[in-house]
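**Q** Give the three-dimensional model of this entry:
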Amino acid sequence: MTSNDELIQAAVAVLNPYQVGDRWFGDVASALVTSTGQVHVGVCIDTTSGTGFCAEHAAIAAMVTAREYKIAKIVAVWRGDDGVHVVSPCGRCREFIGQIDESNLDTEVILGPDQTSALRDLLPANTWPGPLVP
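**A** Residues are numbered from 1 along each chain as shown. Predicted coordinates:
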């Protein structure tokens, strides 16, 4: 299994920030490892029209393109002036990960070199409620 450090380094390897106006492309990168051990990476694209996407979405798109759907671990990183930071997936990404495959609720989300959480613990109320009883 790919270690947290290896997955973090796979994400760092594709960080390649590019600025267009006040927008950045590739300043956040993500790496994931599937249940079969394949690693997929992606970067964010920030656009003024709101049509961009997060790095996690790009890595997941690469995974789905390879006909895989189950994520064992995922991480996102950002490089600031003071170095590389692991960043937690936003709410949209958390929901997206869970919707790709139900088993992804057990995906290990890397929150730091020695800190992880199951996706289900980062998604409050992640199941539809039952009907109201009259």
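
**Q** pull the helix or strand with minimum mean pLDDT from the protein.
**A** Across the helices and strands of the chain, mean pLDDT, DSSP states H and E gives its lowest value to strand 18-20, namely a mean of 90.

**Q** what lines up beside that strand in the sheet?
**A** strand 23-34 (antiparallel) (DSSP bridges).

**Q** what's downstream of the partner strand, the next helix or strand?
**A** Downstream of strand 23-34, the first helix or strand assigned by DSSP states H and E is strand 39-45.

**Q** Can you identify the element that follows that next one toward the C-terminus?
**A** Where DSSP H and E defines the elements, the next helix or strand beyond strand 39-45 is helix 55-65.

**Q** how far out from the middle of the chain is the least confident helix or strand of the chain?
**A** Centroid displacement of strand 18-20 relative to its chain, using C-alpha atoms, centre = their mean, to the nearest Å, is 21 Å.

**Q** Give me the contacts around that strand.
**A** 24-26 (C-beta atoms under 8 Å, 6 or more residues apart in numbering). No exception for glycine: its C-beta is placed from N, CA and C like everyone else's.
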